[in-house]
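Participant: Curious how this folds, go ahead:
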Amino acid sequence: MSTRHASTRLSPTGSGVGVFIAGVSMVALGVGFASPALTYIGVMTFGAATFAAIWVVVTGIVLPSRYARVSRAVGPGHPMVGAPSKVITTVKPIRWNATTHAMVRGLGVSEQAAAEITGTAHQRAAVSRADRAVTLTYPITPSLRGRWILGPCVVDSADPLGLMRASCAMGATDEVSVWPQIHDLSDVARAIMGEAEQTRSGTRSSSADDASLREYHEGDDLRRVHWASSARRGTMLVRSDEHEGKRPAVVVLDLPFAPQATEWAISAAASIACSVLDSGHAAHIHARDLPPAQAHTGDARARLLDSLIDLEAPARRRAEDLLEPISAAFDVARRGAVVFAVLEPASDETLRALSALGPDGRAWALVRETGNAAAAGRTAASLRAAGWHVALVDSNAGVPDGWGHLLKEAVSV
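Facilitator: You can find the predicted model right below:
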């Protein structure tokens, strides 16, 4: 497996250069001394180098590019930062005959891949050769969220005399999306969501219904329309929470400037959201430039993580950037949802908006203090005064440590 730039290259080996020079020299000497024998030997020597070049072009460039196909599979599971996985690349002939059989069996194949998905630039692929395919298998441990390229395959070939060598790209590339790193926060999620359920009023209010609803989108199953709430709200609403009666959660994500801090914040938000989903509750994530998404199980969980793949750090921070996500969270929170937040030190305007989420005691926040401890402290104090549970965290610490510290502080209060 290689990370070099793929291109078609034809070049002589050291032996090939020597044979070429010898052939040209003998032809020149044979002509100069009027020696047919020497000229003939020079022509034959030069012809060997020419034959080697033709051999390599045909067997190493033309045949593989026209008569072989490449397929890839990544697994098990979806690629995720920090999670080991593997890539299986298979090269098969398009048409099976004696020529393509010999070609496939003799291919020297390697694979290109972005260093962000392999985790290191020097992975070694295990190569296996069957009668009808060459298979490369190599491990990956993605180091960065995003969309990265696997491929193309690179075919390295040489002629039988060792005079010429060629390298060419074969097959298309594949884009692989990498999810953010997800930490197991099931204990934290169960404790917080369980406390919220225990404090729920014994009389089932409309919040349990309404919190599980969203606006109708074209293509939604009409059987999921909640007609009573639609009439009450004046807009068509559909049920999106299969676990009716369970309190949902909403996560507000404030993105930092620094790329490393951004990855930490996204991982922290995604981890608590996924752990809430795994505990059987609906979950939402709201952030700047992130469309509102709701998930409960299965594919919906994957859609939530897919929505985070392309999320980028803001070029500049503005107080109003977080107001829309807070407003969206408030619409869910006022109907009984538990609120989680991963925050930077906030402006007064942002703090006023966040304060509206705290009075019910169901709001939990991590405030990142790295680089601005004083402002982070003021943010934490303001949120606590509004009823939030708050912990100051360092983004150099682990995500589980941050959420665990928050839970411990709440218990000790």
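Participant: How far away from the center of its chain is the one helix or strand A268 maps to?
Facilitator: Per DSSP states H and E, A268 falls inside helix 259-278. The chain centroid and the centroid of helix 259-278 are separated by 13 Å under Cα atoms, centre = their mean, to the nearest Å.
Participant: in a strand, that's where I88 is, yeah?
Facilitator: Yes: with DSSP: H, G, I helix; E, B strand; the rest coil as the criterion, I88 is assigned to a strand.
Participant: what about it, how many neighbours?
Facilitator: A count of nearby residues for I88, using other Cβ atoms under 10 Å, gives 15. C-beta coordinates here come from the backbone N, C-alpha and C atoms, glycine included.
Participant: The one 10 residues further on too?
Facilitator: Other residues within reach of A98, judged by other Cβ under 10 Å, total 7.
Participant: how about the nearest residue to W403, chain neighbours excluded?
Facilitator: Nearest non-adjacent residue to W403, counting by Cβ to Cβ, 6 or more residues apart in numbering: V188, 4.7 Å away.
Participant: Please disregard the earlier target; I meant P142.
Facilitator: In space, P142 comes closest to V178 once its chain neighbours are excluded; the distance is 4.4 Å by Cβ to Cβ, 6+ apart.
Participant: Point me to the helix or strand that includes the one you found.
Facilitator: V178 belongs to strand 174-178 when assigned by DSSP H and E.
Participant: so where do the helices sit in the stretch 1-150 of the chain?
Facilitator: 14-32, 36-56, 63-67, 98-106, 115-118 (DSSP state H, counting those that start in this stretch).
Participant: angle of the second one against helix 14-32?
Facilitator: In other words, helix 36-56. If you take axes from the mean of the first three to the mean of the last three Cα atoms, to 10 degrees, helix 36-56 sits at 150 degrees to helix 14-32.
Participant: related to what we said a few turns ago, so who does the residue nearest to P142 touch?
Facilitator: The contact partners of V178, by Cβ atoms under 8 Å, 6 or more residues apart in numbering, come to 79-81, 116-117, 142, 144-148, 309.
Participant: T89 now?
Facilitator: Contact analysis of T89 by Cβ under 8 Å, 6+ apart lists 70-72, 111, 125, 135-137, 150-151, 153.
Participant: what are the ranges of the strands in the stretch 201-350 of the chain?
Facilitator: With DSSP state E, counting those that start in this stretch, the ranges of strands along the stretch 201-350 of the chain come out as 213-215, 237-239, 249-253, 283-287, 290-295, 338-343.
Participant: Which positions within the strand holding V178 qualify as buried?
Facilitator: Within strand 174-178, the residues that count as buried by 16 or more other Cβ atoms under 10 Å are 174, 176-178.
Participant: One more: stretch 273-293?
Facilitator: 273-279, 281-288, 290, 292-293.
Participant: worst average pLDDT in the strands of the stretch 201-350 of the chain?
Facilitator: Least confident of those, judged by mean pLDDT, is strand 290-295 with a mean of 58.
Participant: where does the stretch 1-150 of the chain have low pLDDT?
Facilitator: 1-6, 120-122, 131 (pLDDT under 70).
Participant: Using a markdown table, lay out the strands of the stretch 201-350 of the chain together with distance to D360.
Facilitator: Compiled in a markdown table, the strands of the stretch 201-350 of the chain are given as follows (distance: least, Cβ to Cβ, whole Å):
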| stretch | distance to D360 |
| --- | --- |
| strand 213-215 | 20 |
| strand 237-239 | 23 |
| strand 249-253 | 13 |
| strand 283-287 | 17 |
| strand 290-295 | 21 |
| strand 338-343 | 9 |
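Participant: And these: which comes nearest A268?
Facilitator: Among those, strand 338-343 comes nearest to A268, with 4.8 Å by Cβ to Cβ.
Participant: Excluding chain neighbours, what is closest to A22?
Facilitator: Nearest residue to A22, sequence neighbours excluded (Cβ to Cβ, 6+ apart): T45, at 5.5 Å.
Participant: Burial check on the one you found, number of neighbours?
Facilitator: For T45, the neighbour count with other Cβ under 10 Å is 19.
Participant: Correct me if wrong: it contacts I21.
Facilitator: No: T45 is not in contact with I21 according to Cβ atoms under 8 Å; the separation is 9.5 Å.
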